[in-house]
Structures are given as C-alpha cells and as structure tokens.
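Engineer: Model the following, please.
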Amino acid sequence: MECGSKKTVVADKRPWNKGKLIGQKSPLTPQQVWAIRVRLQLADHKRDLALFNLALDSKLRGCDLVTLTVSDVQTGNEIRSRTKIIQRKTGKPVQFEITKQTREALVDWINSKNLNIYDWLFPSRKDRSSAMTTRQYGRIVKKWIGSIDLPKSSYATHSLRRTKATLIYRKTGNLRAVQLLLGHEKIDSTVKYLGVEVEDALALSESIDL
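Structural biologist: Numbering: from 1, shown residues only. Alright, predicted model coming up:
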C-alpha cells in the first residue's frame with residue numbers, strides 16, 4: 001500500500017490480484033500529458049486541471065496530494081514556486097516545484113472555489129470540510145486516461161507520480177536527483193520504482209545490430 005496504512009484483515013481468502021493486471025503503471029509521455037491538459041482546458045475543468053498539473057509537478061503519492069491544504073502551496077495571495085511537505089508514508093520532508101502553468105491553474109481553482117488558506121486544496125464535493133479521497137482521485141485519473149483512449153489497466157495515479165521523474169532520468173541519468181524528488185530514502189527504491197535497470201538494458205540491446 002502506497003501510503004503505509006494498515007490493512008484490515010477480512011475473511012475473504014481470494015487472491016488479491018485475481019483477475020487484475022499487476023506491475024508498474026506506465027508514465028505518461030509529453031504528448032499524452034498535453035492531450036489530457038488541452039481537454040481539461042477546453043472543458044474549463046478548473047479543479048481537474050489544477051489537480052493534474054500539480055500531480056505532475058509534485059510527484060507526490062496520492063495520499064499526500066489529496067491532503068494538501070491551500071497553505072501548503074500559497075503564501076499571502078501568491079502561489080509559491082517551490083514548497084515542502086512531510087510525506088505520510090515515510091514521515092520525511094520532500095520538496096517540489098510548482099511551475100508557472102500550474103500556479104496559474106491553482107489560482108483559477110482557488111479563486112473559483114473561494115478557498116481560504118486553511119482549506120483543503122482539493123476538498124470533497126460532498127463535504128467541503130473533508131479532503132478528496134484517494135479513491136476519488138483514482139477515479140478521476142481513470143477518467144483522464146480514458147479521455148485520450150489509453151488502456152486503463154496500464155495507467156493509474158502512480159503514472160502521474162512517475163511521469164516527470166521518468167523524463168528527468170531519461171534526460172539526465174541522474175538517479176540521485178530523482179531519488180530526492182520522489183522522496184525515497186534509498187536509491188535502490190528509486191531504481192526499482194523507475195525500472196531503470198530494465199530500461200537501460202533494453203536500450204543497450206536495441207543499440208546492437210547483428
């Protein structure tokens with residue numbers, strides 16, 4: 001479980017993965033990111049656009065993303081270009097950037113919802129005093145994925161967490177930087193999370209002509 005919560009013991013003995021495809025979820029490509037973003041902009045979905053952009057920038061686990069407050073990203077009337085939070089899973093701090101387009105989307109969302117500094121950044125639609133749940137976030141991501149006809153079995157909330165991190169690694173090869181951005185305590189976790197050993201091996205194999 002991604003956020004370290006305790007699993008409830010139930011009587012059902014069926015394998016948890018019966019009928020499900022398991023494994024790492026694919027990151028989005030830049031083209032797929034823009035395809036989703038344009039659809040959200042055209043539909044004027046302020047919340048979803050802010051959530052989508054911030055998910056990509058922050059590289060946070062779903063449980064950390066949905067429990068952000070306005071004060072986590074805003075000082076006074078301005079959205080910060082960088083911020084820091086404490087991760088629920090590790091209890092360790094992690095920093096992330098908030099790009100210009102994400103700041104603009106957040107301003108539009110916060111103003112449209114009239115959120116104050118103490119509010120959840122993404123409150124539940126049923127009860128504003130509660131944050132959006134990770135389950136609701138997962139459903140929203142599935143909707144985004146479906147909007148550009150990608151296979152829903154291959155993508156989930158971790159796809160957004162992995163997208164920018166994967167692009168950074170492919171561009172720079174700097175695992176340490178990616179480790180810091182993802183908030184991993186061990187670099188082995190980053191290697192496993194990105195599947196970089198497999199990617200590098202395949203890239204090397206593809207470069208050899210027989």
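Engineer: Would you mind measuring from residue 49 to residue 40?
Structural biologist: Look at residue 49 and residue 40: by CB to CB, to the nearest Å, they are 4 Å apart. Where you see a C-beta, it was placed from the backbone N, CA and C, and this is true even at glycine.
Engineer: The two: which has the busier surroundings?
Structural biologist: residue 49 (23 against 20; other CB atoms under 10 Å).
Engineer: would you say that one is within a helix?
Structural biologist: Yes. Counting by DSSP: H, G, I helix; E, B strand; the rest coil, residue 49 falls inside a helix.
Engineer: and it, how far is that from residue 184?
Structural biologist: 28 Å.
Engineer: Can you report how many residues lie near residue 148?
Structural biologist: If we define neighbours as other CB under 10 Å, then residue 148 has 15 of them.
Engineer: Now tell me which helix or strand of this protein has the poorest mean pLDDT.
Structural biologist: helix 196-206 (a mean of 63; mean pLDDT, DSSP states H and E).
Engineer: Verify the contact between residue 25 and residue 152 for me.
Structural biologist: No. Counting by CB atoms under 8 Å, residue 25 stays clear of residue 152, with 10.3 Å between them.
Engineer: So if I had to pick from these two, which one is more boxed in?
Structural biologist: Per other CB under 10 Å, whichever of residue 25 and residue 152 has more neighbours is residue 25, with 18 against 13.
Engineer: can you pull out the strands in this structure?
Structural biologist: 74-75, 78-79, 82-86, 93-97 (DSSP state E).
Engineer: right, and these - which one's nearest residue 165?
Structural biologist: strand 93-97 (10.7 Å; CB to CB).
Engineer: what residues does the closest one touch?
Structural biologist: Strand 93-97 is contacted from outside by 57-60, 81-87, 180-183, using CB atoms under 8 Å, 6 or more residues apart in numbering.
Engineer: Could you measure from residue 188 over to residue 60?
Structural biologist: Distance from residue 188 to residue 60, by CB to CB: 21 Å.
Engineer: repeat for residue 123
Structural biologist: Applying CB to CB to residue 123 and residue 60 gives a distance of 17 Å.
Engineer: which one of those two has more residues nearby?
Structural biologist: The neighbour comparison of residue 123 against residue 60 (other CB under 10 Å) goes to residue 60, with 23 against 19.
Engineer: So what's the residue count around residue 159?
Structural biologist: 22.
Engineer: Could you check the pLDDT of it?
Structural biologist: With respect to pLDDT, residue 159 scores 94.
Engineer: Name the nearest residue to it, ignoring sequence neighbours.
Structural biologist: Spatial nearest neighbour of residue 159, excluding adjacent residues (CB to CB, 6 or more residues apart in numbering): residue 25 at 4.7 Å.
Engineer: Contacts only, for residue 46.
Structural biologist: Contacts of residue 46 by CB under 8 Å, 6+ apart are 105, 108-109, 112-113.
Engineer: Which one of those sits in the busiest neighbourhood?
Structural biologist: residue 105 (25 neighbours).
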